[in-house]
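S.K.: This is a predicted model, with the sequence first.
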Amino acid sequence: MIHQHWISRHSGVLILLPSLILTAIFVYGFIGSSFFISLTNWRTLSVDLSLRDPLWQTYADLLSMPRFQADLRNTFVFTTLFILFAVSLGLGLAILLDRQLAGKGFFRNTFLFPYALSFIVTGVVWRWIFNPETGINLFFDFLGINQALESSGMSPLSPGWTTDPSVVFSVNHILSQVWPAGGDFQIEWGIPVALIPVAIAATWQLSGFVMAMYLGGLGGIRPQIRDAARIDGASEFRLYRSVIIPMLNPITISTVIILIHVSLKIFDLVFAMSGVGPGFATDVPAIFVFEMMFKAARYNLGTSASVVMLILSSLVIVPYLMHSLKTRET
Amino acid sequence: MRFWYLLLILLLSACQTEDQTDSNHQIEIFTWWTSGSEAAALQSVIDAYQTQYPDVKVINASIAGGGGSAARPVLQTRLVGGIPPDTWQTHHGAELMGQYINPGFVTSMKDLYESEGWYEVFSPSLINMVSKDDEPYLIVLNLHRSNTLWFNKLVLSEHGIVIGETLSIETLFEIAEQLSRAGVTPMCMGDTGIWATGIMFENTLLGTLGPDRYLGLWNGSTHFMDPAVMQAITTYGRLLDYLNNDHAALSWDQAADKMARGDCVFYSMGDWAYGEFKRDGLVENIDFGWVAHPGSEGTHLMVTDGFTLAKDAPNADVTRDMLRIMGEREVQENFNLIKGSICARTDCDRSRFGPYLQWAMDEYANGVAVPTVIHGSAAPADFQQALNDALTDFVVRRDVASFAETLAREAQMSGFGS
C-alpha cells in the first residue's frame, strides 16, 4: 500500500524523468562538454584534452581575431536590419489583409509560402538575383535607368550587392573618442553594405510568418473597439497608431524574440547566399564555428565561439522566459 | 491496414541493413570531383574497374566544392563517427599526415606497392611524400601543377604583345598597364572560394622566394616577416589591382571561361584550368598559351590527388582491387587525358598527351617539386584556414604588415613557424 502511495505521489516526476535525463545529457551535458573543450589545447584531429595555460587564452584569442569581431558586428547589424524590415513588412501586410481586400485568402497564402522553403533554397535563389553581372542589375539597363544616368553625365548604376566590401556609417572614430581601447579594433564598426541583400532575403522568407502572427492578433481585437474609436472621431491612421498597434504589443514582443533567435543562429541562408563575403562582410558566428571545427579542426576555438553564441542567445531568451513565467504566476 | 504498411516498411528496411553489412559486394569511393572533366575522369577509372569486376556495385559519393572545401568536413565527420567510406580522395603531405595517418584512419598499402611493382614506376620523392616510416598510405593518380600563368593569345596579339618562353614579373606589370590603358582587363580571378586567389598568392610567394626559401616557410627556416615575404605580399597586392571587377561573384572555372572569351587576359591558376579551356573549344598555343608563374621557372608547385585505404574499410578486399587498378598505366593515362593533368607514374606514354601536358611533364621531371599550402600539402589544416582568413581580409584591406604578422603568428601556433 505504501509503495503504491509513493508511486502516485511521485507520478509526475516519474513521467518526466526520462525526458529530464535526456535533456540533462543531450542539452546540458553537451553544453558542458563544449565549454570544457573550449578551455583545452585541442586544435588538431588528434584529441588533446589538456587545459590551456592561461585557462581563458582561447577566448582571448577569439575576441582579438578581426574575423570574430566582424562576426559580432554582422550579427548585430543583421539582427537590427532584419527585424526592422520583417516586422514592419509583416505588420503592413497583416493590416492590409485584415481590411478585407479582394483575394485575401490568395494573398495570405502567397505571402506565407516563402516560410515553407528551406533557407538553403532561399539563399541560392537570392544569390542569383543579387549577382552583379546577371541578376537584378540587368534591370537597370533594361528599364533605361542606366542610359538616363549616363546621358546626364553620371556613372551607371551597378551595385556589387553581396560582393561589395564597403562598410558605411562607420563609428570607429566616435568609439575611439569615448573609449580609448576603441581605436584598437581592426575592423570598421558600421553597416557592411553586403549584409543588406542578405537581410532582404531573410525578410522575404520570414515576413509571411510575422504577418501570420499579426493576423492572429488582429483577429482577436473585437470590432466594438474599432467602432468605439471611430465614434470618438479617430482617423484610420490614429486608430492603428493609438489603439490597434499598442494592443498588438504582446504579439510584437513574441515575434521579435523569435526573430532574434533565428537571426543569432543564422547559418544556411548566409552560407548559400554569400558565404563569408568580401573581407568578412557577411560572415556570421555560425559560419565561423563551422569552419573552425570542420575545416581547420581547431576544436577549442570553434567551441569557444559557440559558447559565445549561446551567451548571446541567453541574453535575449532568459529575460523573456523569466518575464513570461512571472506573468503566468500572477 | 496501416499496421501492415508499417510492418512492410520495417521488413524492407531490415533487408536493406542486411544488404549493407554483407561486405565486398560494393565499394564506396569518396571524392570532390563533380565538375564536367573531373567527373568524366573519375568515371573512366570506375569504368575500368567495372569491366574487370562487373558484379561489384561502385558507389560514387562525391560532394561538389573546389579543393574539397565542402567534402572534407563531411568526410571528417564520417571518420570521427566511425563510418568511413572505403577509399577517399586526398592531397599528399600535411593533409594526408595530419588528418588521416596520424589519427589512424588509414591503412598502409606497402603490400600493394610491392606486389604491383609501384616502387619502380613512381618517383622515390613522391613515394616519400605519401609515406610515414617507410609505409606508403596513398596511391597517387595524378599530378597537377599549380604555378602556371595562362594567357589569351588572341587578345594579346591584337595588342601586338608576344610572350616568350618565360615572363618576368616586371614585364607582366608593364603588359598589364598597357592592357588596362587600352580598356582590357589584364588579370582574371574568380574567388567566391577564397582558395582561388590563394593560388595566385602562393604562386607569387614561390616566384618571389624561390624554392629553397619557400620550402623554408614550412620547416621554420624562413620567417613570415622576412622582407622577401613582405615583397611577395606587396607584389600580390599589385596584381589584385588588375583583376576583373566581378571576381568576388565568380567561381574559378567561371573566371577560366572569362579568359577563354577574351574578357580578361592572364590567369594565374593550376592546370585544372587547362581542362576548362579545352572544354571551351580553345586550341593550345593558338588561342591560349602559358608560362611558369613569373619567378617560379624550374619549380613545380605540386597538387596531387590520391586515394587512401580506410582502416577497417567495410569492403577492404574489393577496395584493394580498385586501388590496384588506379595504379595501372593505361588507367592513369586515360584518367589524366580527361582530367588535364600528368600521370603520377613515370612510364606513361607521353605521345598521347598534348603540348601543355608534355611541357608540364618536362618541368616536373627536370625541376624541383614543392608542396602547395592552399591544397593542404605544406601546412596543417589550422594554418590553411588561417591563411584563407588572412587572405579574405587582405583582399579588402591591403594591409601588408598585418598580413605577414598574422601568418607568422599562426605558423607559430600551428607548430612549424620559427
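M.R.: That came through fine.
S.K.: can we go C-alpha only for contacts and neighbour counts from here?
M.R.: OK.
S.K.: can I get the CA coordinates of stretch A:52-66 in PDB?
M.R.: This file holds the C-alpha atoms of stretch A:52-66, laid out as PDB (Å, rounded to 0.1, in the frame of the first residue of the first chain):
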ATOM      1  CA  ARG A  52      45.300  25.600 -21.800                       C
ATOM      2  CA  ASP A  53      47.500  27.900 -19.800                       C
ATOM      3  CA  PRO A  54      46.300  30.500 -19.100                       C
ATOM      4  CA  LEU A  55      42.900  28.900 -19.000                       C
ATOM      5  CA  TRP A  56      40.900  31.600 -20.900                       C
ATOM      6  CA  GLN A  57      43.500  32.100 -23.600                       C
ATOM      7  CA  THR A  58      41.300  30.700 -26.300                       C
ATOM      8  CA  TYR A  59      38.600  33.200 -25.500                       C
ATOM      9  CA  ALA A  60      41.200  36.000 -25.600                       C
ATOM     10  CA  ASP A  61      42.400  34.700 -29.000                       C
ATOM     11  CA  LEU A  62      38.900  34.600 -30.200                       C
ATOM     12  CA  LEU A  63      37.900  38.100 -29.200                       C
ATOM     13  CA  SER A  64      41.100  39.600 -30.700                       C
ATOM     14  CA  MET A  65      40.500  37.900 -34.100                       C
ATOM     15  CA  PRO A  66      39.400  40.600 -36.600                       C
END
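S.K.: What residues of it count as buried?
M.R.: Neighbour-count burial for stretch A:52-66, counted by 16 or more other Cα atoms under 10 Å in any protein chain shown, picks out A:52, A:57-59, A:62-63, A:65-66.
S.K.: and which of these is nearest to chain B?
M.R.: Nearest to chain B out of those is residue A:66 (Cα to the nearest Cα; 8.6 Å).
S.K.: Near the closest residue to chain B within chain A, how many other residues are there?
M.R.: Ranking the residues of chain A by distance to chain B (Cα to the nearest Cα) places residue A:296 first, at 4.2 Å. Other residues lying near residue A:296 total 22 when counted by other Cα atoms under 10 Å in any protein chain shown.
S.K.: With residue A:134 instead?
M.R.: Neighbours of residue A:134 under the rule other Cα under 10 Å: 11.
S.K.: Please save the CA atoms from stretch B:194-209 in CSV.
M.R.: Only the C-alpha atoms of stretch B:194-209 are listed here, as CSV (Å, rounded to 0.1, in the frame of the first residue of the first chain):
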residue,chain,number,x,y,z
ILE,B,194,38.9,32.2,-51.4
TRP,B,195,41.4,29.5,-52.3
ALA,B,196,41.4,30.7,-55.9
THR,B,197,43.0,34.0,-55.0
GLY,B,198,45.2,31.9,-52.7
ILE,B,199,46.6,30.1,-55.7
MET,B,200,47.8,33.5,-57.1
PHE,B,201,49.2,34.4,-53.7
GLU,B,202,51.0,31.1,-53.3
ASN,B,203,52.4,31.4,-56.9
THR,B,204,53.6,34.9,-56.2
LEU,B,205,55.2,33.7,-52.9
LEU,B,206,57.0,30.9,-54.7
GLY,B,207,58.0,33.2,-57.5
THR,B,208,59.5,35.8,-55.2
LEU,B,209,61.2,33.5,-52.7
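S.K.: Just the buried positions in that stretch, please.
M.R.: Within stretch B:194-209, the residues that qualify as buried are B:194-209, counting by 16+ other Cα under 10 Å.
S.K.: so residue B:345 makes contact with residue B:124?
M.R.: No. The pair residue B:345 / residue B:124 is not scored as a contact, 11.0 Å apart, by Cα atoms under 8 Å.
S.K.: Just want to know which of these two has more residues nearby.
M.R.: residue B:345 (21 against 10).
S.K.: what sits against that one?
M.R.: Shown in contact with residue B:345 (Cα atoms under 8 Å, 6 or more residues apart in numbering or on different chains): B:121-123, B:327, B:329, B:332.
S.K.: Looking at it now. What's its pLDDT?
M.R.: Here the pLDDT value assigned to residue B:345 is 92.
S.K.: ok, what's across the strand from it?
M.R.: Counting by DSSP bridges, residue B:345 is bridged to residue B:122.
S.K.: Could you list the low-pLDDT ranges of the chain?
M.R.: Let's take chain A. For chain A, applying pLDDT under 70 flags the ranges A:1-2, A:180-184, A:329-330.
S.K.: I was after chain B.
M.R.: B:1-22, B:65-67, B:418.
S.K.: remind me, longest helix of it?
M.R.: The residue-count maximum for a helix in chain B (DSSP state H) belongs to helix B:195-219.
S.K.: And chain A, by the same measure?
M.R.: Longest helix in chain A, counting residues (DSSP H): helix A:66-98.
S.K.: Return the member of the buried residues of stretch B:194-209 nearest to chain A.
M.R.: Within the buried residues of stretch B:194-209, proximity to chain A (Cα to the nearest Cα) peaks at residue B:194, which comes in at 9.3 Å.
S.K.: What separation do you get for that closest one and residue B:394?
M.R.: Remark: distance between residue B:194 and residue B:394 (Cα to Cα, to the nearest Å) = 11 Å.
S.K.: How about residue A:107?
M.R.: 47 Å.
S.K.: re earlier: nearest to residue A:128, of the buried residues of stretch A:52-66?
M.R.: Closest approach between these and residue A:128, by Cα to Cα: residue A:66, at 28.9 Å.
S.K.: where's the nearest residue to the closest one once chain neighbours are set aside, which helix or strand?
M.R.: Distances taken as Cα to Cα, 6 or more residues apart in numbering or on different chains put residue A:186 closest to residue A:66, at 5.7 Å, once the chain neighbours are dropped. Assigned by DSSP states H and E, residue A:186 belongs to neither a helix nor a strand.
S.K.: go on, residue B:364?
M.R.: Secondary structure from DSSP H and E places residue B:364 in helix B:355-366.
S.K.: Identify all contacting residues around that helix.
M.R.: Contacts for helix B:355-366 (Cα under 8 Å, 6+ apart): B:145, B:284, B:298-300, B:340-342, B:350.
S.K.: and residue A:37, what does it touch?
M.R.: With the criterion set at Cα under 8 Å, 6+ apart, residue A:37 makes contact with A:49, A:299-300, A:303-304.
S.K.: Have a look at residue A:107 and residue B:394 and say which one is more surrounded.
M.R.: Shown here are residue A:107 and residue B:394; by other Cα under 10 Å, residue B:394 has more neighbours (18 against 14).
S.K.: Name all residues that make contact with that one.
M.R.: By Cα under 8 Å, 6+ apart, the residues touching residue B:394 are A:279, B:400, B:403.
S.K.: element containing the closest residue to the first one other than its chain neighbours, please.
M.R.: Computed as Cα to Cα, 6+ apart, the closest residue to residue A:279 that is not its neighbour in sequence is residue B:393, at 4.7 Å. When elements are assigned from DSSP H and E, residue B:393 belongs to helix B:381-397.
S.K.: Output that helix as PDB - backbone C-alpha positions only.
M.R.: This file holds the C-alpha atoms of helix B:381-397, laid out as PDB (Å, rounded to 0.1, in the frame of the first residue of the first chain):
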ATOM      1  CA  ALA B 381      44.600  22.400 -41.600                       C
ATOM      2  CA  ASP B 382      44.600  25.100 -38.900                       C
ATOM      3  CA  PHE B 383      47.200  27.100 -40.800                       C
ATOM      4  CA  GLN B 384      45.500  26.600 -44.100                       C
ATOM      5  CA  GLN B 385      42.300  28.100 -42.600                       C
ATOM      6  CA  ALA B 386      44.200  31.000 -41.000                       C
ATOM      7  CA  LEU B 387      45.800  31.700 -44.400                       C
ATOM      8  CA  ASN B 388      42.400  31.800 -46.100                       C
ATOM      9  CA  ASP B 389      41.100  34.100 -43.400                       C
ATOM     10  CA  ALA B 390      44.100  36.400 -43.700                       C
ATOM     11  CA  LEU B 391      43.600  36.500 -47.500                       C
ATOM     12  CA  THR B 392      39.900  37.300 -47.200                       C
ATOM     13  CA  ASP B 393      41.000  40.300 -45.000                       C
ATOM     14  CA  PHE B 394      43.900  41.300 -47.200                       C
ATOM     15  CA  VAL B 395      42.000  41.400 -50.400                       C
ATOM     16  CA  VAL B 396      39.800  44.200 -49.000                       C
ATOM     17  CA  ARG B 397      42.200  46.000 -46.500                       C
END
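S.K.: Many thanks, I have nothing further to ask.
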